[in-house]
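K.L.:
Please find the sequence and the predicted model below.
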Amino acid sequence: MVQHAIFGNDLTADISADQQRILLGMGCFWGAERCFWQLEGVTRTAVGYAGGFSENPTYQQICTGNTGHAEVVEVVYQPDVISTESILKSFWENHDPTQGMRQGNDRGSQYRSMLVCFDEQQLQLIEQSREHYQQKLYADGYATITTELLSDQTFHLAEEDHQQYLHKNPQGYCGLGGTGTCL
């Protein structure tokens, strides 16, 4: 069992029938995870890797850029408390989805913007929110969204020292920053 440092639950447990999950890549996963553990209705967050081709990657392997994986946050939430739309609003507004293979000073394919959905309803909500946010970004002078959209990807849990990193290390690095454009 890998225990969540804030919620106390098992990061490897199956989700219950009244919960949903989504994977979100917003650059460095430390700050991204903190964005979501603070939201009411989120019952678990975990950092890890998705979107690549290697099995059981390590942080060191991810950093080489040779695994195809991105740093992501698994967000497990109760949709009767927090909507998927609210999760997506936090996703879009808390990073710059137009930067391609980077976020701020963090550069490389592991820092790309990514959304991984697990059902058709999530996919539709993601596509709608992306279209709506793209129009807002264009109005504010930003480029085209480069966020990679995938479905049913395997989530590889990152090493325990990366889990809830900014809770354990409050002065730790967080390069997360949005565009200032609101959804």
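P.N.:
In hand now; what should we look at?
K.L.:
Report the secondary structure element holding Gln124.
P.N.:
Element membership of Gln124, judged by DSSP states H and E, is helix 120-139.
K.L.:
What lies in contact with the following helix or strand past that helix?
P.N.:
Next helix or strand after helix 120-139 toward the C-terminus (DSSP H and E): strand 148-151. Strand 148-151 is contacted from outside by 25, 50-51, 70, 112-118, 123, 126-127, 130, using Cβ atoms under 8 Å, 6 or more residues apart in numbering. For glycine as for every other residue, the C-beta is placed from the backbone atoms N, C-alpha and C.
K.L.:
and the helix or strand that strand 148-151 is followed by, which strands flank it?
P.N.:
With elements assigned by DSSP H and E, the helix or strand that comes after strand 148-151 is strand 156-157. Strand pairing for strand 156-157, using DSSP bridges, gives strand 42-50 (antiparallel).
K.L.:
The spatially most central residue of the chain and Gln78, how far apart?
P.N.:
Central residue of the chain (Cα atoms, centre = their mean): Leu24, 2.2 Å from the mean position. Using Cβ to Cβ, to the nearest Å, Leu24 is found at 17 Å from Gln78.
K.L.:
Equivalent analysis for Gln38, please.
P.N.:
Computed as Cβ to Cβ, the Gln38 to Gln78 distance reads 15 Å.
K.L.:
Compare these two (neighbour count), which wins?
P.N.:
Gln78 (15 against 11; other Cβ atoms under 10 Å).
K.L.:
Now that one: phi and psi?
P.N.:
Dihedral angles of Gln78 (phi, psi; degrees, to the nearest 10) stand at phi -100, psi 110.
K.L.:
and the nearest residue to it once chain neighbours are set aside, backbone torsions?
P.N.:
Counting by Cβ to Cβ, 6 or more residues apart in numbering, the nearest residue to Gln78 once its immediate chain neighbours are dropped is Gly41, at 5.0 Å. Dihedral pair for Gly41: phi 100, psi -20, per degrees, to the nearest 10.
K.L.:
got the contact list for Gly41?
P.N.:
Tyr77, Gln78, Pro79, Val81, Ile82, Ser86.
K.L.:
Please apply the same query to Phe53.
P.N.:
Thr67, Gly68.
K.L.:
what ranges do the helices span in the protein?
P.N.:
Here the chain has its helices, by DSSP state H, at 29-37, 59-64, 84-93, 120-139, 165-168.
K.L.:
most neighbours per residue, which of the ones you listed?
P.N.:
With neighbours taken as mean count of other Cβ atoms under 10 Å, the helices of the chain reach their highest mean count in helix 29-37, at a mean of 24.
K.L.:
next one: it to chain centre, how far?
P.N.:
8 Å (Cα atoms, centre = their mean, to the nearest Å).
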